[in-house]
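Chemist: Structure, please.
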Amino acid sequence: MAKSQIFTQTQLDSAKKKLADLPDLSKDKITTADALQALKEQIVDLASKKGYTAAEIKTALEGVGMSVTAKAISDLIESPKKRRAPNKAANQA
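Modeler: I've put the predicted structure just below:
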């Protein structure tokens, strides 16, 4: 059975101050999607102008500690597909 531990008010106050003094790390944490958007121009240039594949770009990013899927890179490289306008005749039936 776990032994319950008792803390003093001084320890509690000290812990509150220590936690309050910790720096804000949220501005240093960037999501994968945001990182890829920030690198999009370079990634597209590597693929379209320098002949790199998504797998090769993935490997290069892994070299700097960024784990990104080749599919995410491929999706970024590919231009959005044009959507066909709905067929008016089909909608009127």
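
Chemist: Only the buried residues of the longest helix along the chain, if you could.
Modeler: Assignment by DSSP state H gives helix 32-48 as the longest helix of the chain. Across helix 32-48, burial judged by 16 or more other C-beta atoms under 10 Å covers 36, 39, 43-44, 46-47. Heads up, the C-betas are built off the backbone N, CA and C, glycines and all.

Chemist: what's the burial count for residue 52?
Modeler: 18 (other C-beta atoms under 10 Å).

Chemist: C-terminal to the longest helix of the chain, what's the next element?
Modeler: helix 54-62 (DSSP states H and E).

Chemist: So which other helices or strands are in contact with that following helix?
Modeler: Secondary-structure packing of helix 54-62 (3 or more C-beta pairs under 8 Å, 6 or more residues apart in numbering; DSSP states H and E): helix 32-48, helix 70-77.

Chemist: Of all the residues in that helix, which ones are buried?
Modeler: Quick answer for helix 54-62 (16+ other C-beta under 10 Å): 54, 57-58, 61.
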